[in-house]
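>>> With the input below, show me the fold.
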Amino acid sequence: MASALISPENLLDLCEQGVRKALAAGADQAEVFANSGRETEVTFEKNDLNLARSSSETLFGVRVFCGGRLGFATSNRPEELAETAAEAVALAKASPADPLNGLPDPQPLPSVPFPLDSGLLELDAATLTQLGSELLERVRAQDSRITIDSGSISVEEDTLAIASSTGIRANYHSVEGGGSLFGMAIDGEEVGSFAYDGDSVQKRADLIPALERAFDRFVSKCVGALGATQGESFRGTIVLPPDSVEDLLGDLIAVLGADAVRKGKSPLAQKMGSLIASPLLTVVSEGLGLPGYPIEPFDREGIPRQITPLVNEGILCNFMYNSYESRAAGIPSNGHSTGGAGSLPGVGPACLSVAAGQTPMSELYAVDRGIIVTRLSGSSNPITGDFSGVVKGGFLVKGGEKRPILETTIAGNLYDCLRNISAISKEVTIFNGSTAFPALRIEDVSVTAG
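Take a look at the predicted model:
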């Protein structure tokens, strides 16, 4: 645990020192990725404030290659970079060689300002404690049946830096504030379904409004789950509110990674340019971040992030690549290396959006009979697309009326669901600055009441 946050300039200097130490220890190529963060957090438990704490941590990840052999080691102490580099080199020399191993060459990075709102940086533990107390009172005043199991409000300041022997040099500095609640409503002996909501922002002026909206949604979810009765079994329509869309898209995003394609784990490997979903669906990896919520302009390997349409009007148009996968495919990386200082680079998006549709939210929910899937707990197979899960806190819509239902099972196939999207809402909700989703209506899904 470090005593204080390290500035982006000093963190980059330390990364460069680590690269030199790794080369001196015998590496052919070396990269050091570092994160230094400071967080002030107030937590909630059992309807009350629990504790306030401040912490800071710095972590260095040293990745080296020796004759095509990979080694990786981490440390949270700058003064131990020489030892960490030597450990990474030793691990590389004991690893099997891979001709695809290596570091990417540098590419020009866009010049973007650091999103540093001084108002957020001024929020200390005492101020957050007062804010948390006021928000808890606001939640409880709306309905005394609400029980907050856990939650938090926090401000986190982060610096990132990366340096490599191929010439990559980049750093970033950001701050965000946010909060969340997890709990349920209890009415006598009836215990409603668990609910969760939260949000994060990059400006102090946005913090309280964002948390009030999120906590109001939490109350609505909790109270709406009370009075649940038996549902109905049928094959037909389900509606995914914006905060449930990620449950559907998670497996799709997994098989759009070039690593899944290379390993034979993507059923979409041969579908480039083909219609894989309803023409209503457009999914985009958002590169530098969503409007009003910028992120670092480089990925885990220091490569520029790119806005990348993955599915455009139902047509598969891109896979996601980091440098390893781009070498394997013989094409340039599109800036989708994921991870942090504590891990080797992976593949995936940093920000994701689904384009708005043409259907007003109220109209999208107006179905003859359907299930609103507020939360799904189950299993899925991204290769076959088959899934089955229990809808928790869901609703049955029938004849213009909506009522909460007891746990109900839905089952189907992801790729069938993508093709059977019949409407997408005009309204889009942004979650924690990293995803922007509308609501989806999907046809021909199996629904089984308990």
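
>>> Strands of the stretch 1-150 of the chain, start to end?
Using DSSP state E, counting those that start in this stretch, the strands of the stretch 1-150 of the chain run over 29-45, 48-66, 69-75, 146-164.

>>> could the ones you listed be laid out in JSON lines, adding distance to Glu9?
C-beta here means a position set from N, CA and C on the backbone, and glycine is covered the same way. Formatted as JSON lines, the strands of the stretch 1-150 of the chain follow (distance: least, Cβ to Cβ, whole Å):
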{"stretch": "strand 29-45", "distance to Glu9": "12"}
{"stretch": "strand 48-66", "distance to Glu9": "14"}
{"stretch": "strand 69-75", "distance to Glu9": "20"}
{"stretch": "strand 146-164", "distance to Glu9": "9"}
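
>>> Which strand residues bridge Ala436?
As for beta bridges, Ala436 partners with Ser353, Ile430 under DSSP bridges.

>>> all strands of the stretch 151-300 of the chain, in order?
Under DSSP E, counting those that start in this stretch, the stretch 151-300 of the chain gives strands at 169-187, 190-191, 195-201, 234-240, 283-286, 289-290, 293-294.

>>> could you dump those strands to CSV with distance to Arg213?
Shown next, in CSV, are the strands of the stretch 151-300 of the chain (distance: least, Cβ to Cβ, whole Å):
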stretch, distance to Arg213
strand 169-187, 11
strand 190-191, 26
strand 195-201, 7
strand 234-240, 20
strand 283-286, 22
strand 289-290, 17
strand 293-294, 15
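
>>> Buried ones in stretch 391-401, by neighbour count?
Going by neighbour count (16 or more other Cβ atoms under 10 Å), the buried part of stretch 391-401 is 391-398.

>>> ok so, going back, right, so of the strands of the stretch 151-300 of the chain, which gets closest to Leu11?
Shortest distance between Leu11 and the strands of the stretch 151-300 of the chain, using Cβ to Cβ, is found for strand 169-187: 6.2 Å.

>>> what pairs with the closest one, and is each one parallel or antiparallel?
Assessed with DSSP bridges, strand 169-187 is paired to strand 146-164 (antiparallel), strand 190-191 (antiparallel), strand 195-201 (antiparallel).

>>> Isn't Gly433 up against Leu290?
Yes. Contact between Gly433 and Leu290 holds when scored by Cβ atoms under 8 Å: they sit 6.1 Å apart.

>>> about what we covered before: would you convert the strands of the stretch 151-300 of the chain into TSV that also reports distance to Val89, mean pLDDT and mean neighbour count?
As requested, those are arranged in TSV below (distance: least, Cβ to Cβ, whole Å; pLDDT from 0 to 100; neighbours: other Cβ atoms under 10 Å):
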stretch	distance to Val89	mean pLDDT	mean neighbour count
strand 169-187	22	97	21
strand 190-191	56	94	12
strand 195-201	39	95	22
strand 234-240	49	97	20
strand 283-286	34	97	22
strand 289-290	36	93	20
strand 293-294	36	94	20
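
>>> Of those, which is nearest Ile315?
strand 283-286 (10.8 Å).

>>> What helices and strands are in contact with that closest one?
strand 307-312, strand 352-354 (3 or more Cβ pairs under 8 Å, 6 or more residues apart in numbering; DSSP states H and E).

>>> Let's see it as PDB, backbone CA atoms only.
The C-alpha trace of strand 283-286 is given here as PDB (Å, rounded to 0.1, in the frame of the first residue of the first chain):
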ATOM      1  CA  VAL A 283     -23.600  -2.100 -31.100                       C
ATOM      2  CA  VAL A 284     -20.600   0.100 -30.900                       C
ATOM      3  CA  SER A 285     -17.300   0.000 -28.900                       C
ATOM      4  CA  GLU A 286     -17.000   3.700 -28.000                       C
END
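
>>> what stretches of this structure score poorly on pLDDT?
1-3 (pLDDT under 70).

>>> how's it carved up into domains?
8-224, 234-246+356-449, 253-352 (automatic domain parsing).

>>> isn't Gly68 right up against Asn101?
Yes. With contact defined as Cβ under 8 Å, Gly68 reaches Asn101; the gap is 4.9 Å.

>>> ok, these two, which is more surrounded?
Counted by other Cβ atoms under 10 Å, Gly68 and Asn101 do not tie: Asn101 has more neighbours, with 21 against 16.

>>> Next up, the contacts around the more buried one.
When contacts are counted by Cβ atoms under 8 Å, 6 or more residues apart in numbering, Asn101 is found next to 65, 68-70, 324.

>>> residues near Pro108, how many?
Neighbour tally, Pro108, other Cβ under 10 Å: 6.

>>> which ones are touching it?
Residues near Pro108 by Cβ under 8 Å, 6+ apart: Pro304.
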